[in-house]
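Peer 1: Sequence first, then the predicted structure, then my questions.
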Amino acid sequence: VGGVVVAVHVWAVPSIIAAATEAKVPWWVYMIVLGAALLLGSAVVPVWRRAIWGNVFRFIKWFFAIRPLTATQRTSLDQSGYARRSAEVDTERANPFAPVWKLDVRDSLGFAHTYFLENSGFEVSEVTMTCDAELFILKQEAHFPGGFGSDKLGGYVAKPFFGAPTERGKAEGVVFHVKWKDRYGDWDERDVVLPPEEILAGRDIELSEAFNRGFAEGKAQGNQDPAPIPLPEPRWSIYADNTGDDQDWILRNAVPRSIAREVRIESDGDLHIIDAGHWPDLSGGDSGAMGSFQGTLTRRGSESGVVFNLTWYDEQGVRKGANVTMPGSNSEFY
């Protein structure tokens, strides 16, 4: 419609002028009429008005916003922007995604003096835990290399450490000092309190489990039908697999006829297991059974040895466990 209006104006207005003056209208009159018609159309037609005058106003606004800068002013702006971003980075690093620490003394997997440090928060790395020796005696350094935790919603990771509370620790509780490296590479630390009632609760559970096992064994022995003779217990050993690379290790059950199903292996901080560390069945055949796993050994583990924690199920479906030590180069049995 706008184009038709402009065309009508360009034809009609010069014709009217020619009829009124009885003279031939020159070409520039048509150009003037065309310009006036387009100007009128840009003010009347909404689409033209937005396309033409909107861009004109934006250009005018942009043009008057131009500010010439000297080299000193540009340098100052660069420094101001860098300082602002640095402040934002400092704020982010001051509030990293934090772990949530907890100590579990109620689940020892059937092993004496076995405890767990749990992280149900975000993943951190290079975790180290210390405590007052007058309250709790650590069997070895509680160091957990690599990642510890999970960034997934509801993620949970627990790792074992070995030791025992003193009489004073049982009465007063124990304060463990946990230190770790966050996702930005900064060190952070926090105290995690193990109250005396938790220590006593763990001890009560251990005694209750021992009582129930003894009661069940006594009841079984009191039956008229004699209980079947249980199969032999596995005998475990761990050593390096010299046929592969330096990250391959062998777990061996040397006892024939022994039953070990759903076997799982955990290690202390001196050897980091990097695969599943799990075998559906390592029951001893005629010459025992072997399973391989991968792990990275620290220098301290190579010299002082590594303590492994094994769990499995016997022929009755009862969960069993054992601690196995792989001696180091400084050991007299190496």
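Peer 2: Received, thanks.

Peer 1: for the stretch 51-200 of the chain, what spans make up the helices?
Peer 2: Assigned helices in the stretch 51-200 of the chain, in chain order: 71-94, 167-172, 196-222 (criterion: DSSP state H, counting those that start in this stretch).

Peer 1: hey, least reliable of those helices by pLDDT?
Peer 2: Between these, the lowest average pLDDT goes to helix 196-222, which shows a mean of 63.

Peer 1: Contact partners for the residue nearest to residue 277 when sequence neighbours are not counted?
Peer 2: Nearest non-adjacent residue to residue 277, counting by Cβ to Cβ, 6 or more residues apart in numbering: residue 265, 4.5 Å away. For every residue, glycine as well, the C-beta is placed using N, CA and C. With Cβ atoms under 8 Å, 6 or more residues apart in numbering as the criterion, the residues that contact residue 265 are 251, 273, 277-278, 293, 308-310.

Peer 1: which stretches of the stretch 101-250 of the chain have low pLDDT?
Peer 2: Counting by pLDDT under 70, the ranges of the stretch 101-250 of the chain that qualify are 106-112, 202-227.

Peer 1: so what's residue 195 closest to, chain neighbours aside?
Peer 2: On the basis of Cβ to Cβ, 6+ apart, the spatially nearest residue to residue 195 that is not a chain neighbour turns out to be residue 173, at 4.6 Å.

Peer 1: what's the answer for residue 311, then?
Peer 2: Leaving out its chain neighbours, residue 311 is closest to residue 321 (Cβ to Cβ, 6+ apart), at 4.7 Å.

Peer 1: Check the secondary structure at the one you found for me.
Peer 2: strand (DSSP: H, G, I helix; E, B strand; the rest coil).

Peer 1: State the distance from it to residue 313.
Peer 2: Here residue 321 is placed at a distance of 10 Å from residue 313 (Cβ to Cβ, to the nearest Å).

Peer 1: returning to that earlier point: what's opposite the residue nearest to residue 277 in the beta bridge?
Peer 2: In this structure, residue 265 has beta-bridge partners residue 310, where bridges are defined by DSSP bridges.

Peer 1: per-residue confidence for it?
Peer 2: The predicted local distance difference test score for residue 265 is 93.

Peer 1: gap between it and residue 127?
Peer 2: Here the criterion is Cβ to Cβ. By it, residue 265 lies 20 Å from residue 127.

Peer 1: can you count the residues close to residue 243?
Peer 2: Other residues within reach of residue 243, judged by other Cβ atoms under 10 Å, total 8.

Peer 1: What residues does it make contact with?
Peer 2: Counting by Cβ under 8 Å, 6+ apart, residue 243 has no contacts.

Peer 1: Quick check: it vs residue 249, distance?
Peer 2: Counting by Cβ to Cβ, the gap from residue 243 to residue 249 is 11 Å.

Peer 1: Also residue 255?
Peer 2: The value you get for residue 255 to residue 249, if Cβ to Cβ is used, is 20 Å.

Peer 1: And for residue 150?
Peer 2: To residue 249, residue 150 is 25 Å away according to Cβ to Cβ.

Peer 1: Which one's more surrounded, the two?
Peer 2: Here residue 150 and residue 249 are compared on neighbour count by other Cβ under 10 Å; more neighbours surround residue 249, at 24 against 15.

Peer 1: how close does residue 288 get to residue 233?
Peer 2: Using Cβ to Cβ, residue 288 is found at 13 Å from residue 233.

Peer 1: intersection of neighbour lists for the two?
Peer 2: With Cβ under 8 Å, 6+ apart applied, the overlap between the contact sets of residue 288 and residue 233 consists of residue 255.

Peer 1: Compare those two and say which is more crowded by neighbours.
Peer 2: residue 288 (18 against 15).

Peer 1: Spatially nearest residue to the more buried one (excluding sequence neighbours)?
Peer 2: Using Cβ to Cβ, 6+ apart and skipping the chain neighbours, the partner closest in space to residue 288 is residue 254 (4.4 Å).

Peer 1: show me the contacts for the one you found.
Peer 2: The neighbourhood of residue 254, defined by Cβ under 8 Å, 6+ apart, consists of 234-237, 284, 288.

Peer 1: try residue 314
Peer 2: Remark: with contacts taken as Cβ under 8 Å, 6+ apart, residue 314 is in contact with 230-231, 233, 259-261, 320.

Peer 1: Got phi/psi on it?
Peer 2: Phi and psi for residue 314, reported as degrees, to the nearest 10, are phi -90, psi -170.

Peer 1: gap between it and residue 88?
Peer 2: Taking Cβ to Cβ as the measure, residue 314 falls 58 Å from residue 88.
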